Each structure stands twice: as structure tokens, then as C-alpha cells.
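Undergrad: predicted model follows, preceded by the sequence.
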Amino acid sequence: MTRRRAQGLLLAAACCPLMAWAGPPYLTDDPDPVDYRTYEVIPAYSVDRANDGEEIAGPVADFNYGLAPDMHLNIGPGWVRALPGGGPAESGLGDTRVALKWRFHAETEGSPEIAIYPAVELPTGSADRGLGNGQAWYQFPVWFGKRWTNTWSSYWGAGWTLNRAPGQRDYFYGGWQLQRQLGDDWNLGGEVYSQGADAVGSAGWTALNLGGGYRLSDGASLIFSFGHSFAGASHALGYIGVDFTW
């Protein structure tokens, strides 16, 4: 089973969720940190159904706080239910993500904004029960983003995962996302996301994901995505959550 972070895992949206970029509900992340001294919480559920079983992450909570201008802290604990093919289902606390996003280049007319987002996944989940990795693992991505009009925007990037736990492998990952703002309340988008094999005996995969968001109020938005791999290992993906900021 792929040990991907729960994409409620993922990541961060900005202060006005529908008018700015967001990692969740997509697997591709963005370079835009939450505003200085702003809080964001994204309670969510996600599912990854592969040939060798299914993993449901939820409820998970993605916490972000603007530590400084152009920088935020991310903490992502959550509950995991693992349903391996041919084995018993297990549920419990999963691994916990701690990350720091730093936007070191602001967007200009001729260049995208750029951020790094190093992360460590702490082994708070039981590896023996299929709920965790067994030891800490690390991610080192670089993300880019650009707006062309008031309605069209995109973000993209790639990274490297370092995972030396027994049975696991290091791998590259990356994606490209495009979205359109549809009025004041709706946005819709899509992404192509790819990652290499993350475990011994597994295969890499590339997926198409479609998603969007609907503004419920000034500080809350419903966000969602669904998709499927079209190359490599089979993965059916789904995500739903609510983005709260204050």
C-alpha cells in the first residue's frame, strides 16, 4: 500500500481560500504560505484505493500558522484505516507531518513565486499494523506558482522523498495544477501528479485529479477532489475537507 501522506495532509491554503492557491484538495502543493499570524485548520478525509488494498485517512487535521511573513508552520496528525488486500483491517493514529513552508521569491510580471517546503513525517503510527512507516521520513520539494488573470492560476513543482525504513524506498514526485475561479464562490481545477515507487516491490504511478472549492463563508470553504491513475500502478483517489481560516 502506498504510504502517501493524507492530503488533508497536505498542506496549506491562503487566507481567502477560494481566491488564492491551495495544496489541498490536490496532491500538488503551492508556494503560497498562510498570512503572517493567520491560523488555518483543514479537517478532512482522503482515500487511496490501490491493487493491494485501500487506505482511508480520516479524520485528519491539517494545521497551519503564519510564523512570519512568507513562512508558515504545518502540523498534520490524523487517524488512518488500512484495509490491505487479503488481510485484516486496522485503524489507529497515523504518522504525523511537521513542515515549514518558506516563500523566498515573490511573483513578478515575468516570474513565478517560489517556495521550499521541507517536511518530516514522525513515526507516530504503528508500522506493524500497517498504520505508519516505522521511522521518520523526509520530503524536500520546491513549488512554483503564477497568476495570469483574475480567473486563471497555476502551480507546479517537484521533490524528493528520503525514506530508509525497512521495505521502503526513496522516490521523486511532482505535479502540475491549473484552476479557474468561477465567480465569487466557486473554483474548479485539475492536476497531473506523478511519483516513483515508494516501497520494495511496488511501482510508480501518474494520476489525473479533478477538484475544486466552494466558499461557505468568509472564513470557511468546502474543498474536494477525485481522480485515478492512468499510468503505472492503479490508484483511485478521493478527498473532501473544510478549510477554516482566521
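TA: Looks like it came in fine. Only a predicted model underlies this, so the values are computations on that prediction, with no experimental measurement involved.
Undergrad: so where's the chain shaky on pLDDT?
TA: Counting by pLDDT under 70, the ranges of the chain that qualify are 1-22.
Undergrad: what separates Gly219 from Gly227, distance-wise?
TA: For Gly219, the distance to Gly227 equals 28 Å [CB to CB, to the nearest Å]. For glycine as for every other residue, the C-beta is placed from the backbone atoms N, C-alpha and C.
Undergrad: how about Arg103?
TA: 27 Å.
Undergrad: also Gly167?
TA: Gly167 sits 26 Å away from Gly227, taking CB to CB as the criterion.
Undergrad: more neighbours, these two?
TA: Using other CB atoms under 10 Å, the more surrounded residue of Gly167 and Gly227 is Gly227, with 21 against 13.
Undergrad: excluding chain neighbours, what is closest to the more buried one?
TA: For Gly227, ignoring the flanking residues on the chain, the nearest one in space by CB to CB, 6 or more residues apart in numbering is Asn209 at 3.4 Å.
Undergrad: name the element the one you found belongs to?
TA: Secondary structure from DSSP states H and E places Asn209 in strand 205-217.
Undergrad: circling back: which residues touch the residue nearest to Gly227?
TA: With contact set as CB atoms under 8 Å, 6 or more residues apart in numbering, Asn209 has these partners: Tyr26, Leu27, Gly190, Glu191, Val192, Tyr193, Ser225, Phe226, Gly227, Leu237.
Undergrad: what about the longest strand in the protein?
TA: Counting by DSSP state E, the longest strand found in the chain is strand 53-68.
Undergrad: please name every helix or strand in contact with the helix or strand following that strand.
TA: In the C-terminal direction, the helix or strand that comes right after strand 53-68 (DSSP H and E) is strand 71-76. Helices and strands touching strand 71-76, by 3 or more CB pairs under 8 Å, 6 or more residues apart in numbering; DSSP states H and E, are strand 53-68, strand 96-105.
Undergrad: rewinding a little: and the next helix or strand past the strand holding Asn209?
TA: Sequence order places strand 220-232 as the next helix or strand after strand 205-217, per DSSP H and E.
Undergrad: give me the angle between that following strand and strand 205-217.
TA: Angular relation of strand 220-232 and strand 205-217 on a 0 to 180 degree scale: 170 degrees, by axes from the mean of the first three to the mean of the last three CA atoms, to 10 degrees.
Undergrad: what's the angle from whichever helix or strand comes after strand 220-232 to strand 53-68?
TA: Where DSSP H and E defines the elements, the next helix or strand beyond strand 220-232 is strand 235-245. Using the same axes, to 10 degrees, the interaxial angle of strand 235-245 with respect to strand 53-68 works out to 30 degrees.
Undergrad: ok, strand 235-245: who's next to it in the sheet?
TA: According to DSSP bridges, the neighbouring strands of strand 235-245, each with its direction, are strand 39-50 (antiparallel), strand 220-232 (antiparallel).
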